[in-house]
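Participant: what follows is a predicted structure for the sequence shown.
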Amino acid sequence: MGAFKYLFGKEEEIPQGTAAILFGFGSIVWFIIGTGLGSFNAAKLAFPDFVTGNYAFAFGHMRQVHVMTVIFGWIWGAFCMAFMYITPALGNTKLWSEKLGVWNVLTWNVGLALGLSTLWCGMTSGREYSDFIWPIDLWIAFLIVLPTGINVWMTIINRRTQGIYTTNWFFAAASFMTIIVFLIGNLPEFFHLTGLNEAYMTWWFAHNILGLLITPVAAAISYYIIPKITGNPLYSHRVGHLHFWSLVVFYSTPAAHHLMGSPLPEWLKSFASVEGVLILIPAMAFVCNITLTMQGRWRMFVENIEIRYAATSSLLAIPLNMQGGFQQTRAINWYVHGTGWIVAHDHLALLGFSTFAEVSAVVYGMQTLMKRKLWSYSLQNFHYWMLLVGFGIYWTTMTIAGLIQGAGKVFEVPYIDVVIAEHPYMIGRWFGGTMVFIGNIVWLYNMYMTAKSGAEVPEGLLPQEIAYDR
Amino acid sequence: MGLRLDRPLYSLTTHDENLSAQHIWEYESLGGIKENNNPVPAPIAVLLVLIVTTAFMLTFPLWGQRPTAAIYSDYVDLLKSPEVQQVLDNKDLTPYQSDAQAMKLIEDRLSHFPSPYAFQRKQHIMTMDHLRYLAPKITKLRESGADMEQYSIIGPNIVRQNFFRLVDGKIVAKQPWWDAGYTIDIFYVIYFFAVVFCLIKGLPPTSWEPDHTKAH
């Protein structure tokens, strides 16, 4: 509550890192809410008699609330934490405006609470991933993303270095592109576009929220965490260029590959399908750059928790992009489209590749900003394994369920037989997701205790340097 | 920015500008992060070529693109021919055998005549059951004088596409069967690699590696 006093305080009175710490804690809370909703929803699929008869708790009513909570609560919050901490650190400067950052925390939490409440009340655009009604979309664009962008851009402009490190290219570009994606992707709501225009814009939005926000920022976090903690130089500045530009060029175009079965013009689908495979170029550049940066330091994968999170994220980018690149081609899409395979893929992106990177940023950044080392390394280890094993169970079971659904679809197996066949996998899905949820509660407790009574990090040292000191 | 074109594979930047960039690179610490100037590793360059090749190979010849009614028009004529009807009416064969033999006969006949649809027919193999179902619809459509290339086969239905350019109700341009999206991709990839090549060749040459002891 003490943070409210900073809303109307003077800039110089606000301690550096305040906004980042608030975003960090807020993101973990939203992560718990988001994964709790996910666990609840999964339980409804695994145990059909679980909470029935109440419209507000129907699966079709709550699924979107889960999705929007994890994307705009957990992921966006963790990204803002990274923006507000890493951007100034790389420019050898301080955040352009802590006050704007603190206000940004408020607009984010209030906007999200409003958005999720209206969504839960049934006020929805009905468009996947852009489910919020248009006033909330405008709130997000102008009161959440724009202030963040201003802080990032102004911090970079006011940096005390000549060069701009790779991470900050991604941060600056992603916050800019997200505003564009929000304003263009929601045009069907602003101007009541219907039919194919609406379908295309819906998936242009959905694709680019992942491709131009989540993917670049998660990768940018690893570009910071891995060289910073290992002490190794980034393997190649020029591979960073290849990654950045190929991401901007090839990720922004393949929206139509989400609609391969629709009556969109075939030329648009073909164009998107080729671009969809070319997504492997930024992915390969990223994985190559990170794994080669890790050369000679792979023992830190075992010894250092932040490196373990970040490296796991980078390694998960391999199956993620192999799936993403090929599952959208006509040759494969006809089989997996509309099945649990895609749900598994989404979770590989958001809960696997992206979340592991974000956790590394939040864990590392919070320790550095609060100048306190983790209260319990064991609890953080527990969180890592709950996240990894829980996600692994979720991904495996949903992938298998998706293949069953695909077979059922193609061979025209009666729907109820498919439901029966995939029932064990729905239980696995719920079990894996619940592990993640429980792990997150432990993580919040560990971060709270770190803030309250974590050992102080002495001046001139970094948290990882004293991780094992007792 | 200075530009030199005498050794494009070495560097596109003048010697003085390279020296200036090297100085900043070595003497500046970006929040404690260091960066090397390694080239794109050779195996990664090979993978790049493989990815681009795969992207085009996998989407060309557009596996799964919807077939048009035009490519099956000749199937319908042959289905009505006495030879094919004789096979279908042969009571010595099971329905499965007669269907298979009749379709083989149709395909054999078609292979003797050049057709602009030969390639697409191989991509969209027709079964006798499907043909039997579609034949009256294709006949009716043809008798109405419609442009058969403008209609897609979607399961049991024949549906008019709306991808042709029409002026005053007349078709002035048709979507090529291998479509324009593919052409756009070719140019898109070419200009991407051209721009990125210029960008990374504007950096100091890869033969130079920064000395990180100066700023760290």
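Facilitator: Alright, I've got the coordinates.
Participant: near chain B, which residues of the stretch 1-150 of chain A? Just list them.
Facilitator: Neighbours of chain B within the stretch 1-150 of chain A, by C-beta under 8 Å from any C-beta of the partner chain: A:86, A:89-92. For the C-beta atoms, the positions are set from N, CA and C on the backbone; glycine is no exception.
Participant: any weak-confidence spans in the stretch 251-400 of chain A?
Facilitator: In the predicted model of the stretch 251-400 of chain A, no residue satisfies pLDDT under 70.
Participant: from the contact counts, what lies against the lengthiest helix in chain B?
Facilitator: As assigned by DSSP state H, the longest helix anywhere in chain B is helix B:180-201. Under the contact criterion of 3 or more C-beta pairs under 8 Å, 6 or more residues apart in numbering or on different chains; DSSP states H and E, helix B:180-201 touches helix A:237-251, helix A:266-278, helix B:42-59.
Participant: quick one: the ones you listed as TSV, columns for distance to residue A:105 and mean neighbour count too.
Facilitator: As requested, those are exported to TSV (distance: least, C-beta to C-beta, whole Å; neighbours: other C-beta atoms under 10 Å in any protein chain shown):
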stretch	distance to residue A:105	mean neighbour count
helix A:237-251	28	23
helix A:266-278	36	26
helix B:42-59	40	15
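Participant: for those helices, which one sits closest to residue A:17?
Facilitator: The closest of the helices and strands packed on helix B:180-201 to residue A:17 is helix A:237-251. By C-beta to C-beta, the value is 26.5 Å.
Participant: what angle do the closest one and helix B:42-59 make?
Facilitator: Helix A:237-251 and helix B:42-59 are oriented at 10 degrees to each other (axes from the mean of the first three to the mean of the last three C-alpha atoms, to 10 degrees).
Participant: residues contacting helix A:237-251, please?
Facilitator: If you take C-beta atoms under 8 Å, 6 or more residues apart in numbering or on different chains as the criterion, helix A:237-251 is touched by A:166, A:169-170, A:173, A:177, A:207-208, A:211-212, A:215-216, A:219, A:223, A:234, A:275, A:278-279, A:281-282, A:285-286, A:288-289, B:35-40, B:44, B:188, B:192, B:195-196, B:199-200, B:203, B:206.
Participant: in PyMOL, select just the buried ones from the residues you listed.
Facilitator: Those of the contacts of helix A:237-251 that count as buried under 16 or more other C-beta atoms under 10 Å in any protein chain shown are selected in PyMOL with:
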select buried, (chain A and resi 166+169+170+173+177+207+208+211+212+215+216+219+223+234+275+278+279+281+282+285+286+288+289) or (chain B and resi 35+36+37+38+40+44+188+192+196+200+203+206)
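Participant: can you tell me which residues contact the closest residue to residue A:458 other than its chain neighbours?
Facilitator: Nearest non-adjacent residue to residue A:458, counting by C-beta to C-beta, 6 or more residues apart in numbering or on different chains: residue A:466, 7.5 Å away. Shown in contact with residue A:466 (C-beta under 8 Å, 6+ apart): A:373, A:455, A:457-458.
Participant: and the gap between residue A:466 and chain B?
Facilitator: Separation of residue A:466 from chain B (C-beta to the nearest C-beta, to the nearest Å): 17 Å.
Participant: still on that earlier bit, turn the helices and strands packed on helix B:180-201 into a markdown table, columns for distance to residue A:24.
Facilitator: Listed next are those as a markdown table, based on distance: least, C-beta to C-beta, whole Å:
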| stretch | distance to residue A:24 |
| --- | --- |
| helix A:237-251 | 26 |
| helix A:266-278 | 34 |
| helix B:42-59 | 35 |
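Participant: and of those, who's closest to residue B:155?
Facilitator: Go through these one by one with C-beta to C-beta and the one that ends up closest to residue B:155 is helix A:266-278, at 17.0 Å.
Participant: which residues are contacting the closest one?
Facilitator: Applying C-beta under 8 Å, 6+ apart, the external contacts of helix A:266-278 come out as A:246, A:250, A:253-257, A:259-260, A:324-326, A:328-330, B:51-52, B:54-56, B:58-59, B:62, B:65-66, B:163, B:175, B:179-182, B:184-185, B:188-189.
Participant: of those, keep whichever come out buried.
Facilitator: A:246, A:250, A:253-257, A:259-260, A:324-326, A:328-330, B:51-52, B:54-55, B:58-59, B:62, B:65, B:163, B:175, B:179, B:181-182, B:184-185, B:188-189.
Participant: export stretch A:251-259 as CSV, just CAs?
Facilitator: C-alpha atoms of stretch A:251-259 as CSV (Å, rounded to 0.1, in the frame of the first residue of the first chain):
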residue,chain,number,x,y,z
TYR,A,251,6.8,-13.0,-37.9
SER,A,252,4.6,-10.1,-38.8
THR,A,253,3.3,-11.6,-42.0
PRO,A,254,1.9,-15.2,-41.6
ALA,A,255,-1.4,-14.4,-39.9
ALA,A,256,-3.4,-16.2,-42.7
HIS,A,257,-1.7,-19.5,-41.8
HIS,A,258,-4.2,-19.7,-38.8
LEU,A,259,-7.0,-19.8,-41.4
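Participant: contacting residues around the spatially closest residue to residue A:351 that is not a sequence neighbour?
Facilitator: Nearest residue to residue A:351, sequence neighbours excluded (C-beta to C-beta, 6+ apart): residue A:391, at 5.1 Å. For residue A:391, the contacting residues are A:347, A:351-352, A:355, A:432, A:436, by C-beta under 8 Å, 6+ apart.
Participant: ok, so of those, who is nearest chain B?
Facilitator: residue A:352 (21.6 Å; C-beta to the nearest C-beta).
Participant: tally up the residues packed near the closest one, please.
Facilitator: 26 (other C-beta atoms under 10 Å in any protein chain shown).
Participant: before we move on, the earlier item: looking at the helices and strands packed on helix B:180-201, which is closest to residue A:77?
Facilitator: Closest to residue A:77 of those, according to C-beta to C-beta: helix A:237-251, at 22.5 Å.
Participant: tell me how far the closest one is from the chain's mean position?
Facilitator: 19 Å (C-alpha atoms, centre = their mean, to the nearest Å).
Participant: give me the angle between that helix and helix A:266-278.
Facilitator: Computed by the same axes, to 10 degrees, the angle separating helix A:237-251 from helix A:266-278 equals 150 degrees.
Participant: got the phi/psi numbers for the residue nearest the centre of chain A?
Facilitator: For chain A, the residue sitting closest to the mean C-alpha position, by C-alpha atoms, centre = their mean, is residue A:75 at 4.0 Å. Backbone torsions for residue A:75, taken as degrees, to the nearest 10, come to phi -70, psi -50.
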